[in-house]
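Colleague: let me see the structure of the following:
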Amino acid sequence: MEAANHGCFDSDGISVGLGIELPFEQDLNEYVELGIDFRYFFARKTMFIKYSQGFVVFPGGFGTFDELFEALTLVQTKKVTSFPVVLMGTSYWNPLMDWLRNTVAEQGKISHSDLDFILVTDDSDEALTHLVEAEARRRSLLDEWGNVIGVGAVNGPPPFAF
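Modeller: As a prediction, this is how the structure comes out:
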C-alpha cells in the first residue's frame, strides 16, 4: 500500500491509510497524511470499500482475498456503486478468474456479468486506462451536484488513494 500512498503524496493528493491493529502488522507508512487504525477487520473493510472508486489488487494472502471478495460481493448485491477492479499479475490471478468463470459462474453461483468489471493484467498502463475510463463513465452519470443519476444509485465522496 505504500506505493499508492507515495504516488498520491507526490502528486499533492490526499493520501489516506487505513491500518489494522495487529501485533505483527507494520504501522502506517510515512506517506499517509490521514491515517486511521482499526481494531476490527469488518470496520476497516467498510471504510475501505465505502470510499473507493476503484481497486488495484496485487498478489496477497487471506487478507487480500477477504478485501477483494467483500468488495465484489457488495458490488454484486448493489450495496455500493460498481467500480473497476484491476488484478495485477496474470500468472497469480488468472487461475482464480478461470475458476470463477468455469466453475462458480457455470454452476450458477454468480453471473458471468459479475466479472465484467474485473481486469487482469501485468501492464500498469492498461490498468490506468481501465481506471480512467471507468471514472469517465461514472462521471457521465453524475448530475451538476455530483449525485448519481438514476433510481437506487449510491454515490460516494471524491476519490482517495488507499
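Colleague: per-domain residue ranges of the protein.
Modeller: As given by automatic domain parsing, the domain ranges for the chain are 1-39, 52-140.
Colleague: show me the contact partners of the longest helix along the chain.
Modeller: For the chain, the helix with the greatest residue count under DSSP state H is helix 124-140. Helix 124-140 is touched from outside by Gln53, Gly54, Val56, Thr81, Phe83, Pro84, Val86, Met88, Phe117, Leu119, Thr121, Pro159, with contacts defined as C-beta atoms under 8 Å, 6 or more residues apart in numbering. Every residue, glycine included, has its C-beta placed from N, CA and C.
Colleague: show me those that map onto strands.
Modeller: Counted as lying in strands by DSSP state E, out of those, are Val56, Val86, Met88, Leu119, Thr121.
Colleague: who wins for most neighbours among these?
Modeller: Highest neighbour count within those: Val86, with 22 neighbours (other C-beta atoms under 10 Å).
Colleague: can you verify my assumption that that one contacts Leu119?
Modeller: Yes. Shown here, Val86 and Leu119 form a contact pair, counting by C-beta atoms under 8 Å, at 5.0 Å.
Colleague: so where's the protein shaky on pLDDT?
Modeller: 148-162 (pLDDT under 70).
Colleague: center of it - which residue?
Modeller: The centroid of the chain falls nearest to Phe55 when counting by C-alpha atoms, centre = their mean (2.3 Å).
Colleague: return the member of the ones in strands among the contacts of helix 124-140 nearest to Thr46.
Modeller: Distance to Thr46, by C-beta to C-beta, is smallest for Val56 among the ones in strands among the contacts of helix 124-140, at 19.4 Å.
Colleague: which residues touch the closest one?
Modeller: By C-beta under 8 Å, 6+ apart, Val56 lies in contact with Ala4, Val86, Met88, Ala127, Leu131.
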